[in-house]
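Participant: Starting from these lines, generate the structure:
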Amino acid sequence: MQKIIINKHFYGKVDIPDTKNAWRIFNTVKNAFSRDEAIGLHLLFGKKKQKALSYYQPGGSWEEIEELGMFIELGKILSFDTKEAKKFKAMIEQINDTAHTHYNISKRLTIINKKSASKTKEKYVFWDIENFANIPAMFNHLFEKFDIPDEHVYLAANPDSLYIYKREWETELYDYGKTLHSFNFTKCDHGKNVADDLLLSQFQELAPKESDVYIMTYDRELKERFTDVCHESNNLYIMSK
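Facilitator: Residues are numbered from 1 along each chain as shown. Purely as a prediction, here's the structure:
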């Protein structure tokens, strides 16, 4: 979490996503706020970029969606209008939802705990479905491609997100003959980062060795926490940009 300090006044904290432009946007918004300038989409994307984002983008424009999420959070903290950003974010998500199956996870998997993969006996997935809800891509480019058994898939969701998205998730899972409970699914209690903590504790309790472990999230902190406790005999994979 990054502290928001403007003109020596502390306003709060915000998560900075792991994207190439996040820090630039964060500082640009802070500077505009300190000078009492207009704050809007123009601080994130130029007109050409905004137009390009109105069409399907390979990879689902995940970086821009993350940056918009940070911008919206900054709006809550600094009390500036984010209606335009919310509308734009929803548009990008809707456009790219129509092409979920084209998002190839397997081409974006990067091993992070060693230079090259070692031989393994098992495969496990720890899936932050709230952070990465691309269900068709998960089946087409991960579960089926690497023949990962349902019982080796761990996922969790906090109750608020489950209330909002469960019907949508279950509808997409139904197309593959599954439900959330086809896997090791846990509904968490209320609280910040509960799902993250649960997935990490399940990984630690399982303590796999000589396994391929796939961490399906864009959350930088969660990736780092898994790396810290991962046994050296495992191959730990995350999604790259």
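Participant: surely residue 44 meets residue 65?
Facilitator: No. Between residue 44 and residue 65 no contact is recorded; they are 11.2 Å apart, counting by CB atoms under 8 Å. To be clear about C-beta, it is placed using only N, CA and C from the backbone, and glycine gets the same treatment.
Participant: And the helices in the protein?
Facilitator: Using DSSP state H, the helices of the chain run over residues 22-34, 47-52, 62-78, 83-97, 135-138, 159-174, 194-206, 220-229.
Participant: Tell me which residues are up against the last one.
Facilitator: Here helix 220-229 makes contact (CB atoms under 8 Å, 6 or more residues apart in numbering) with 17-18, 112-113, 126, 128, 131, 196, 199-200, 203-204, 213, 215, 217, 236, 238.
Participant: Equivalent analysis for the first one, please.
Facilitator: Taking CB under 8 Å, 6+ apart as the criterion, the residues outside helix 22-34 that touch it are 2, 4, 6-7, 14, 16, 38-39, 43-44, 66-67, 70-71, 74, 78, 80.
Participant: and that helix, average pLDDT?
Facilitator: What helix 22-34 shows for mean pLDDT is 94.
Participant: now the fourth one
Facilitator: Mean pLDDT, computed over helix 83-97, is 84.
Participant: buried stuff in that helix?
Facilitator: Along helix 83-97, these residues count as buried under the neighbour rule (16 or more other CB atoms under 10 Å): 85, 88-89, 92, 95-96.
Participant: same thing with the first one?
Facilitator: For helix 22-34, the neighbour count (16+ other CB under 10 Å) marks 22, 25-26, 28-30, 32-33 as buried.
Participant: For the closest residue in space to residue 202 that isn't next to it in sequence, report the pLDDT, please.
Facilitator: When the adjacent residues along the chain are set aside, residue 202 lies closest to residue 154, with 5.1 Å between them (CB to CB, 6 or more residues apart in numbering). With respect to pLDDT, residue 154 scores 97.
Participant: Name the residues linked to residue 154 by a beta bridge.
Facilitator: Taking DSSP bridges as the rule, residue 154 bridges to residue 126, residue 184.
Participant: Count the residues that sit near it.
Facilitator: When neighbours are defined as other CB atoms under 10 Å, residue 154 has 18 of them.
Participant: contacting residues for it?
Facilitator: Applying CB under 8 Å, 6+ apart to residue 154 gives the contacts 124-127, 183-184, 199, 202-203, 206.
Participant: now do residue 153
Facilitator: With contacts defined as CB under 8 Å, 6+ apart, the neighbours of residue 153 are 124-125, 127, 143, 183-184.
Participant: mind running it again at 7 Å?
Facilitator: With contacts defined as CB atoms under 7 Å, 6 or more residues apart in numbering, residue 153 is in contact with 125, 127, 183-184.
Participant: Can you go through those and name the buried ones?
Facilitator: The neighbour-count test (16+ other CB under 10 Å) marks 125, 127, 183-184 as buried among the contacts of residue 153.
Participant: And these, which is closest to residue 55?
Facilitator: Taking CB to CB as the measure, residue 55 sits nearest to residue 127 out of the buried ones among the contacts of residue 153, at 28.4 Å.
Participant: Thank you kindly, that will do.
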